[in-house]
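Participant: need a 3D model of the following:
(chains A and B)
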2 protein chains.
Amino acid sequence: MALELITLPNGVRVALDPMANLETAAVGVWQRVGARWEAAHENGVAHLFEHMAFKGAGGRDARAFAEAVEEIGGVMNAATSYERTSYFARVTREHAGAALHLIADTLLDPHWAPDDFEKEKDVVTQERGEARDQPDDHVFELHQAALYPDQPMGRPILGLEETIAPLSVEALTAFRAAHMAPERVLVAVAGAYDRDAILACAQERFGALAPRPVLAYAPARAAAGCAREARRLEQTHLVLSWPAPPAGDEALYAARLMCEIYGGGMSSRLFQEVREARGLVYAIDAFIDALEDCGRLGVYAGCAARNAETVALMAGDLLAALAREGPTARELARAKAIAAASILMGAESPMGRAEARVAQVFLRGRLIGFDEIRDKLNAVTIEDVRRAAELAINGPACVAVIGPKSGLAAADAFHARFAQGR
Amino acid sequence: MALELITLPNGVRVALDPMANLETAAVGVWQRVGARWEAAHENGVAHLFEHMAFKGAGGRDARAFAEAVEEIGGVMNAATSYERTSYFARVTREHAGAALHLIADTLLDPHWAPDDFEKEKDVVTQERGEARDQPDDHVFELHQAALYPDQPMGRPILGLEETIAPLSVEALTAFRAAHMAPERVLVAVAGAYDRDAILACAQERFGALAPRPVLAYAPARAAAGCAREARRLEQTHLVLSWPAPPAGDEALYAARLMCEIYGGGMSSRLFQEVREARGLVYAIDAFIDALEDCGRLGVYAGCAARNAETVALMAGDLLAALAREGPTARELARAKAIAAASILMGAESPMGRAEARVAQVFLRGRLIGFDEIRDKLNAVTIEDVRRAAELAINGPACVAVIGPKSGLAAADAFHARFAQGR
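Facilitator: Predicted coordinates for the structure are as follows:
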């Protein structure tokens, strides 16, 4: 068995990634649909649609559906982001085909009883409350709204009370009718499975999906936003961000190594300077968030309110220094070693591997060998990394802060120094 | 290569778990030491000791140590619980021996500069703030204090401001001298590695550990506690708990299946009744927390304040029903299928596998084959599960609630009905 990407006659794709010596598989269906495609008045519908997958499907009610999944020892879940919705299961080899049939039921033969729909709105209300109660989660929502004002990318994936309450079962039907284009559907399986059973299921269930136009969305427009929210907390929680290459851009290889050097692991500049040398934070991390047409280099940190301004300005200044001087040869070598090892570790997990294949297919249109990725990373130069940091520091930068009132001025100080680039 | 447990002449143990077809390993040293061994005035010292591992070791300062780890592409971390402290790395095959040497440095040749020690106290203060800011984290600390009043098991692992501030480098030295008994040290490696390199390092570094008495701790005494904390939040966060078998007890097999049936996956009674049928919660889960001499069946839920009492009482009543009627044959079959699949999935991850081996050695004194575990689970009967639920509902039960004032009465209602058992 070998890595394969098969395109069915109607355009649905199937990515198969067999892994030797395993006994389990990750099986899923990914759709290129999410909150980016929502109109303002229906904010939250993509996520609610995903939730309704578990309220019954294929002639089974919610309880019977859950039982069918767990009778084969399966663990099933689903998730919605701005550009993707996923329905996936972890199962043993012999049940991979059955798991795919169950997932197909949720997408192709769901039961949307109006009663269940109203109850699921209540569940989502609780999910929204849970997210708001976690400051290191909520600060990301604040940041997203400040970064992408008045556009789908800035709206919460979970939706708002006022956009979810009026949604009807008809809205779900319309959402599905609009977005179930075969080209936007990808079946992905990694691990141990019966190839014939998977292909038969994919063809039988998804091969019959009728053609539909592939809907576009408006491009994201990033703003130099600045958001603050006062809350009685022990810590001040900050998210800072700068431009980065979008997903699928070759410049992302250098940007990922830059991010590692800047604030990845424990030898990174942010960790060493802000945590080890100064003791100002417990958590500080840099990350790349790369979407189809927009990417960001982000930093999350939590610190005492009296240190929030210092932490925010240090983070900006350390990025500016990297853009000015570039990394050392040893920093770059370390980042490459970490990236190479991470690729190997990720490749040993069925779920990690399935998700990597999905990203490759949706963003690059093809499967990419781990060797190719390693070669691209190894080819990155000191100057490439410096330029990636320069692209970032040239702004626009965005900042969101939540915490005690006395720490909120950190947002303004950061905004004044970094918002419009250096 | 085969699964091996090797005991060095001084009593240090080495668990080796080779996995075919992998290219990476999980490498670590686990110590049977944690917050349970702390005196009240030094609460937090075990965790702070673990933090200091990364402030320099083996002739390297903190930065040089972090660089040495990441130059080989390693990802290293550490963790402290009530009964265990772990130092572990994920690395590629060829660096497994080097990673173990670095971990040995942190334990056997650490640098504890007083300056660094003071800075690390500040980092821990931030870590404590971060934990307090997460209500679904903090509610567990409240619950632990209510369950185990005036004893080490009820004190926070991260310590208190007043117990951490006066700690000195001498306290670290004394803590290490007291607790570094060879019998309490376990080197564990799972995945792909050079057996000779691992054994040579284990023998060279840990084989020289001098004998020391293995210190005991006072047994845990569970109370029917009831804790409430008012906080302006969207949700009311609840933790409920009942007795369960301790780790190492054969009755734990039945208790784990009971927990799965009661509140494990999406076909469980808690999920189906409280979330699916009523829409009262987004998150509700049951779990088993099994320690050396004490175990608990716990439930976490987040809900609207007006529903907190309903959720808490439903959770108790559903457990009481399970204790009265036992599970159905189909429920038990599903729980066994899920457990069997979970064992296979866990066995495919080097880190999951290393941690399973550590638990086996510390709690059972031997390595246990996955077949034996599966057989024990398969032998569990309907009556075994019913009795596990009965053991739980007979109490004492404990409850902690955090959230808006209007939801706190849920704690009292639960306490009145369940605290002293049925």
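
Participant: surely residue A:282 meets residue A:301?
Facilitator: No - using Cβ atoms under 8 Å, residue A:282 is not in contact with residue A:301, being 9.2 Å away. C-beta here means a position set from N, CA and C on the backbone, and glycine is covered the same way.

Participant: how is chain A carved up into domains?
Facilitator: In terms of domains, chain A is parsed into A:4-206, A:226-418 (source: automatic domain parsing).

Participant: can I get those in a markdown table with mean pLDDT, distance to chain B and mean neighbour count?
Facilitator: As requested, the domains of chain A are arranged in a markdown table below (pLDDT from 0 to 100; distance: least, Cβ to the nearest Cβ, whole Å; neighbours: other Cβ atoms under 10 Å in any protein chain shown):
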| stretch | mean pLDDT | distance to chain B | mean neighbour count |
| --- | --- | --- | --- |
| domain A:4-206 | 96 | 3 | 20 |
| domain A:226-418 | 97 | 3 | 20 |
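
Participant: check contacts around the most centrally placed residue in chain A.
Facilitator: Nearest residue to the geometric centre of chain A (Cα atoms, centre = their mean): residue A:81, 6.0 Å. Residues near residue A:81 by Cβ atoms under 8 Å, 6 or more residues apart in numbering or on different chains: A:34, A:35, A:157.

Participant: same thing with residue A:86?
Facilitator: The contact partners of residue A:86, by Cβ under 8 Å, 6+ apart, come to A:28, A:29, A:30, A:31, A:78, A:79, A:80, A:358.

Participant: is it in a bridge, and if so with what?
Facilitator: Beta-bridge pairing of residue A:86, defined through DSSP bridges, involves residue A:30, residue A:79.

Participant: hmm, residue A:117 is touching residue A:52, no?
Facilitator: Yes - Residue A:117 is in contact with residue A:52 according to Cβ under 8 Å; the separation is 6.7 Å.

Participant: overlap in contacts, those two.
Facilitator: Overlap of the contact sets of residue A:117 and residue A:52 (by Cβ under 8 Å, 6+ apart) consists of residue A:172.

Participant: what helix or strand is the closest residue in space to residue A:57 that isn't next to it in sequence on?
Facilitator: Once flanking residues are discounted, residue A:57 sits nearest to residue A:105: 3.9 Å by Cβ to Cβ, 6 or more residues apart in numbering or on different chains. Under the assignment given by DSSP states H and E, the secondary-structure element containing residue A:105 is helix A:96-108.

Participant: now for that helix, which elements pack on it?
Facilitator: Under the contact criterion of 3 or more Cβ pairs under 8 Å, 6 or more residues apart in numbering or on different chains; DSSP states H and E, the helices and strands touching helix A:96-108 comprise strand A:24-31, strand A:56-57, helix A:62-71, strand A:75-80, strand A:85-92, strand A:185-191, helix A:195-201.

Participant: 10 Å instead?
Facilitator: strand A:24-31, helix A:45-52, strand A:56-57, helix A:62-71, strand A:75-80, strand A:85-92, strand A:185-191, helix A:195-201 (3 or more Cβ pairs under 10 Å, 6 or more residues apart in numbering or on different chains; DSSP states H and E).

Participant: helix or strand next in line after that helix, which one?
Facilitator: Once helix A:96-108 ends, the next helix or strand along the chain (criterion: DSSP H and E) is helix A:114-133.

Participant: got the CA coordinates for that following helix in CSV?
Facilitator: Extracted as CSV, the C-alpha positions of helix A:114-133 are listed here (Å, rounded to 0.1, in the frame of the first residue of the first chain):
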residue,chain,number,x,y,z
PRO,A,114,-36.7,21.1,15.2
ASP,A,115,-36.8,20.1,18.9
ASP,A,116,-33.2,18.8,18.8
PHE,A,117,-32.2,21.9,16.9
GLU,A,118,-33.5,24.2,19.7
LYS,A,119,-31.7,22.0,22.4
GLU,A,120,-28.5,22.1,20.5
LYS,A,121,-28.7,25.9,20.4
ASP,A,122,-28.7,25.7,24.2
VAL,A,123,-25.6,23.4,24.1
VAL,A,124,-23.8,26.0,21.9
THR,A,125,-24.8,28.8,24.4
GLN,A,126,-23.0,26.8,27.1
GLU,A,127,-20.0,26.2,24.8
ARG,A,128,-19.9,30.0,24.2
GLY,A,129,-20.0,30.6,28.0
GLU,A,130,-17.2,28.1,28.6
ALA,A,131,-15.0,29.9,26.0
ARG,A,132,-15.7,33.3,27.5
ASP,A,133,-14.8,32.1,30.9
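
Participant: isn't residue A:50 right next to residue A:88, touching?
Facilitator: No - under the criterion of Cβ atoms under 10 Å, residue A:50 makes no contact with residue A:88, lying 11.5 Å away.

Participant: between these two, which contacts overlap?
Facilitator: Taking Cβ atoms under 10 Å, 6 or more residues apart in numbering or on different chains as the contact rule, residue A:50 and residue A:88 both touch A:78, A:79.

Participant: hmm, the residue nearest to residue A:57 is touching residue A:58, no?
Facilitator: Yes - counting by Cβ under 10 Å, residue A:105 touches residue A:58, with 3.1 Å between them.

Participant: what is in contact with the two at once?
Facilitator: Listed contacts common to residue A:105 and residue A:58 are A:65, A:68, A:111; contacts here mean Cβ under 10 Å, 6+ apart.

Participant: among the residues you listed, which one lies nearest to residue B:412?
Facilitator: Proximity of the shared contacts of residue A:105 and residue A:58 to residue B:412, judged by Cβ to Cβ, is greatest for residue A:65, which lies at 37.3 Å.

Participant: show me what contacts that closest one?
Facilitator: Listed by Cβ under 10 Å, 6+ apart, the contact partners of residue A:65 are A:53-59, A:76, A:102, A:105-106, A:110-111, B:266-267, B:276.

Participant: what is the mean pLDDT for stretch A:210-225?
Facilitator: In this model, stretch A:210-225 has a mean pLDDT of 95.

Participant: can you give me the buried ones in it?
Facilitator: By neighbour count, with 16 or more other Cβ atoms under 10 Å in any protein chain shown as the criterion, the buried positions of stretch A:210-225 are A:217, A:220, A:222, A:224, A:225.

Participant: just the endpoints, please. Distance across that stretch?
Facilitator: 42 Å (Cα to Cα, to the nearest Å).

Participant: roughly how far is it from the heart of the chain?
Facilitator: Here stretch A:210-225 shows a centroid-to-chain-centroid distance of 16 Å under the convention Cα atoms, centre = their mean, to the nearest Å.

Participant: and if you look at stretch A:105-121?
Facilitator: Once both centres are worked out by Cα atoms, centre = their mean, stretch A:105-121 turns out to sit 25 Å from its chain's centre.

Participant: and that stretch, end to end?
Facilitator: The distance separating the two terminal residues of stretch A:105-121, taken as Cα to Cα, comes to 21 Å.

Participant: got it, and stretch A:146-154?
Facilitator: Distance across stretch A:146-154, first residue to last, is 7 Å (Cα to Cα).

Participant: do stretch A:282-298 as well
Facilitator: Counting by Cα to Cα, the length from the leading to the trailing residue of stretch A:282-298 is 17 Å.

Participant: what does stretch A:29-49 give?
Facilitator: End-to-end distance of stretch A:29-49 (Cα to Cα): 14 Å.

Participant: starting at the chain centroid, how far to it?
Facilitator: Its chain's C-alpha centre lies 14 Å from the corresponding centre of stretch A:29-49 when counted by Cα atoms, centre = their mean.

Participant: how much space between residue A:8 and residue B:88?
Facilitator: When Cβ to Cβ, to the nearest Å is the yardstick, residue A:8 and residue B:88 sit 44 Å from each other.

Participant: redo the buried residues of stretch A:210-225 as JSON lines? Include distance to residue B:372 and secondary structure.
Facilitator: JSON lines is the format used below for the buried residues of stretch A:210-225 (distance: Cβ to Cβ, whole Å; DSSP: H, G, I helix; E, B strand; the rest coil):
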{"residue": "A:217", "distance to residue B:372": "54", "secondary structure": "coil"}
{"residue": "A:220", "distance to residue B:372": "54", "secondary structure": "coil"}
{"residue": "A:222", "distance to residue B:372": "56", "secondary structure": "coil"}
{"residue": "A:224", "distance to residue B:372": "61", "secondary structure": "coil"}
{"residue": "A:225", "distance to residue B:372": "57", "secondary structure": "coil"}
